[in-house]
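> here are the coordinates; sequence isn't available:
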C-alpha cells in the first residue's frame with residue numbers, strides 16, 4: 001500500500017531508509033550513509049531522464065557516424081555509444097544526488113565525477129564478473145578459482161591506481177570550503193522540485209527553478225569570495241595530539257602553515273591538515289614554515305606539499321644542518337626537491353601575506369652556537385591590526401630566557417605555549433614576560449599531556465586553551481585589532 005500502484009522506487013528507497021534509521025539512528029549523521037542515500041535517490045529520480053535526453057541529443061549523431069561506416073561498425077558504434085550514454089547518465093544522476101552531501105562534508109564540487117565513472121566502469125564490471133565466476137568455480141574447479149582470484153586482485157590494484165591517478169591529476173574539482181546547512185537545504189529543495197511533480201505549471205516551475213539556481217550560484221560565489229578576499233588574520237591551532245600544526249590565513253588569499261606533525265597519529269597531513277584546508281576553502285598555500293627537525297612537527301609536511309603545492313618551504317639554518325645527516329630532515333628536503341618545491345633558509349622576516357611575519361629566534365650570535373634540538377626551534381611573531389601572536393614551537397628554558405633578554409617588551413596578545421605547554425621545560429615567568437597584560441595561551445598537546453598540565457597554573461594571568469580538551473582553537477583579528485578566540489566545541 002505504501003508503494004502505491006506503480007511501486008514508486010523513491011517510496012521504496014524511503015521505506016528502506018526509515019527501517020535502517022530505526023535500526024541505527026546515528027546513520028543519519030554519517031557522511032557515508034548520507035552520500036549513499038542521496039546518490040541512489042539521484043539515480044532513481046534522474047538517470048532515466050538524463051539518458052532519454054542524451055539519446056535524443058546524440059542519437060542522430062551516432063546514427064550518422066554508424067551509417068557512414070556501415071555494417072558491423074554501425075552496430076558496434078551504436079551499442080558502444082548507447083553503453084557510454086547509459087553509464088554517463090547514471091554517473092551524472094548519482095552526482096546530482098550526492099553533490100550537496102559532498103559539498104557540506106568536504107567543501108568541494110567536482111562535476112566531472114560522471115566522466116570518471118565512465119572511465120572506471122569497465123574495470124569495475126570486469127572485477128564483478130571475475131569475482132562471481134571465482135565464487136562459482138570454487139566449488140567445481142578450485143585451481144581455476146585461484147587463477148581467477150589472482151586476476152581479480154590484479155584488476156582491483158589497477159582500479160586503485162586509476163582512482164589515485166584521477167584524484168591527483170583529474171581536473172574539475174572546485175574547492176568552496178565550509179558552507180551552511182541552509183545552502184544544502186536549498187540545493188536539495190531544487191533537486192526535489194526538478195525530480196518531482198510538485199509544481200505542475202511549466203512556466204511557474206521554470207521561474208522557481210531559475211530563482212533557486214541563481215540563489216545557489218550567488219551563495220556559493222559569495223562564500224568563496226569571502227574566504228579568498230578576507231581582510232583579517234585567522235589563525236587556527238589544529239588538534240593533532242602530541243604535535244603541532246598551525247594554519248594562518250592572511251588577507252589577499254595568502255596563507256601559511258606553521259609545522260605539520262604528530263607523534264602518534266598517522267597520516268596527519270592528509271587526515272587533519274588537508275581536511276581543514278578543504279573546510280576553510282584553502283586550495284593553495286603560499287608558504288610552509290618548519291620550526292625544527294622533530295617528527296611531531298614535520299611528518300605531515302610531505303602529504304600537504306603534495307596536495308597544495310606551496311610556493312616555498314622555509315626552515316632555519318639548524319634544520320638544513322640536520323639534513324646533512326641521514327634522517328627525517330634529509331628525507332623531507334629530498335622529497336621537496338623531487339617535487340620541484342623550493343626549500344629556503346628563513347631570514348629575519350618572511351614575505352607572506354599582508355601581516356608582518358618575523359623570525360625572532362634563533363637570532364644573532366645564537367645562530368652560530370650549538371643549541372639543543374628544541375632550543376634551535378624557530379620562534380615566529382605574527383603582527384596584524386596592532387596585535388601580536390607569538391609561536392614558540394619547542395624552545396626550552398635556555399632559549400626562553402634568552403628570548404626575554406632580546407625582547408623585554410614583546411607584549412604578545414596570543415602565545416602558543418612552548419613545548420606543548422610542558423611545565424617541566426617552562427622557564428619561571430616566561431609567559432608573563434612575553435605576554436601582554438591580558439593575553440591568551442594555546443597549548444597544542446595530547447590528552448596525556450593535558451592531564452599532566454591541567455592541575456598546574458601555567459601563568460598568573462591569561463586564559464589557557466588545550467587542543468586535547470577544546471579541539472582546534474581559532475584566533476581571529478580584524479584590521480581594528482579586535483580579537484576573538486573560539487574553540488571547536490564553541491563553534
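That came through fine. Since the model is a prediction, treat every value here as computed from it, not as a measurement.
> How much space separates residue 241 from residue 463?
22 Å (Cβ to Cβ, to the nearest Å). Any C-beta I mention is one placed from the backbone N, CA and C, and that applies to glycine too.
> Name the residue in these two with the higher neighbour count.
Using other Cβ atoms under 10 Å as the criterion, residue 241 and residue 463 rank with residue 241 on top: 23 against 11.
> pretty sure the more buried one contacts residue 264?
Yes - counting by Cβ atoms under 8 Å, residue 241 touches residue 264, with 5.6 Å between them.
> Need the overlap of contacts for those two.
Common neighbours of residue 241 and residue 264, counting by Cβ atoms under 8 Å, 6 or more residues apart in numbering, are residue 446.
> How many residues are close by the residue nearest to residue 282 when sequence neighbours are not counted?
Of all residues not flanking residue 282 in the chain, residue 255 sits nearest, at 5.4 Å (Cβ to Cβ, 6 or more residues apart in numbering). Neighbour count for residue 255, taken as other Cβ under 10 Å: 24.
> list the contacts for the spatially closest residue to residue 134 that is not a sequence neighbour?
Leaving aside its sequence neighbours, residue 134 sits nearest to residue 148 (Cβ to Cβ, 6+ apart; 4.1 Å). Shown in contact with residue 148 (Cβ under 8 Å, 6+ apart): 130, 133, 134, 137.
> what bits of the chain have low per-residue confidence?
Residue ranges of the chain with pLDDT under 70: 1-27, 58-80, 168-172, 227-228, 251-253, 353-354, 365-368, 454-461, 490-491.
> now do 50
1-7, 72-73, 76 (pLDDT under 50).
> Show me it divided up by domain.
9-175, 181-228, 233-487 (automatic domain parsing).
> Of the ones you listed, flag the one that's most buried.
domain 233-487 (a mean of 19; mean count of other Cβ atoms under 10 Å).
> Okay, now that domain: how far is its last residue from its first?
Across domain 233-487, the terminal residues are separated by 16 Å (Cα to Cα, to the nearest Å).
> didn't residue 265 look like it was pressed against residue 240?
Yes - taking Cβ under 8 Å as the definition, residue 265 is a contact partner of residue 240 at 6.2 Å.
> anything in contact with each of these two?
residue 272.
> Next, give phi and psi for the residue nearest to residue 282.
phi -140, psi 150 (degrees, to the nearest 10).
> got a list of what residue 138 touches?
residue 145.
> Same question for residue 107.
Residue 107 neighbours (Cβ under 8 Å, 6+ apart): 175, 176, 177, 178, 179, 278, 279, 281.
> need the strands for the stretch 351-491 of the chain, in chain order.
356-361, 379-384, 387-391, 412-416, 435-443, 463-466, 473-477, 483-487 (DSSP state E, counting those that start in this stretch).
> Out of the ones you listed, which gets nearest to residue 125?
strand 473-477 (46.4 Å; Cβ to Cβ).
> contacting residues around the closest one?
Under Cβ under 8 Å, 6+ apart, the answer for strand 473-477 is 232-237, 384-385, 387, 389, 414, 440, 442, 465, 467, 483-488, 491.
> what lines up beside that strand in the sheet?
strand 233-237 (antiparallel), strand 483-487 (antiparallel) (DSSP bridges).
> Give me the angle between it and strand 412-416.
On the basis of axes from the mean of the first three to the mean of the last three Cα atoms, to 10 degrees, strand 473-477 is oriented at 160 degrees to strand 412-416.
> quick one: strand 473-477 to strand 379-384, angle?
50 degrees.
> quick one: which of the contacts of residue 107 sit in helices?
Applying DSSP state H to the contacts of residue 107, the entries found in helices are 278, 279.
> What segments of the stretch 51-200 of the chain are helices?
71-106, 113-138, 142-169, 181-195 (DSSP state H, counting those that start in this stretch).
> Who are the packing partners of the last one?
Taking 3 or more Cβ pairs under 8 Å, 6 or more residues apart in numbering; DSSP states H and E as the contact definition, the neighbouring helices and strands of helix 181-195 are helix 31-69, helix 71-106, helix 202-228.
> give me that answer again for 7 Å
Helices and strands touching helix 181-195, by 3 or more Cβ pairs under 7 Å, 6 or more residues apart in numbering; DSSP states H and E, are helix 71-106, helix 202-228.
> Repeat that for the first one.
Packed against helix 71-106, as judged by 3+ Cβ pairs under 7 Å, 6+ apart, are the following elements: helix 31-69, strand 108-109, helix 113-138, helix 181-195.
> could these be laid out in a markdown table, adding distance to residue 404?
Listed next are the helices and strands packed on helix 71-106 as a markdown table, based on distance: least, Cβ to Cβ, whole Å:
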| stretch | distance to residue 404 |
| --- | --- |
| helix 31-69 | 47 |
| strand 108-109 | 45 |
| helix 113-138 | 55 |
| helix 181-195 | 47 |
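> for these, which one sits closest to residue 294?
With Cβ to Cβ as the criterion, residue 294 lies closest to strand 108-109 of those, at 32.1 Å.
> Against which helices or strands is the closest one packed?
Applying 3+ Cβ pairs under 7 Å, 6+ apart, one finds that strand 108-109 contacts helix 71-106, strand 174-175.
> As CSV, the ones you listed with distance to residue 191 would be great.
Below are the helices and strands packed on strand 108-109 laid out as CSV (distance: least, Cβ to Cβ, whole Å):
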stretch, distance to residue 191
helix 71-106, 7
strand 174-175, 19
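> Relative to residue 121, which of those is closest?
Once the helices and strands packed on strand 108-109 are compared by Cβ to Cβ, helix 71-106 is nearest, at 4.9 Å.
> can you confirm residue 245 is in a strand?
Yes - assessed by DSSP: H, G, I helix; E, B strand; the rest coil, residue 245 belongs to a strand.
> What residues are bridge-paired with it?
residue 260.
> what's it in contact with, if anything?
238, 259, 260, 261, 272, 273, 300 (Cβ atoms under 7 Å, 6 or more residues apart in numbering).
> out of those residues, what pair is the most spread apart?
Applying Cβ to Cβ across the contacts of residue 245, the maximum distance is between 259 and 272, 12.3 Å.
> Quick check: next helix or strand after the strand or helix carrying residue 331?
Using DSSP states H and E, residue 331 sits within helix 328-338. Using DSSP H and E, the helix or strand that follows helix 328-338 in sequence is strand 343-345.
> Identify the residues contacting that next one?
So strand 343-345 is in contact with 312, 313, 314, 315, 316, 317, 320, 333, 336, going by Cβ under 7 Å, 6+ apart.
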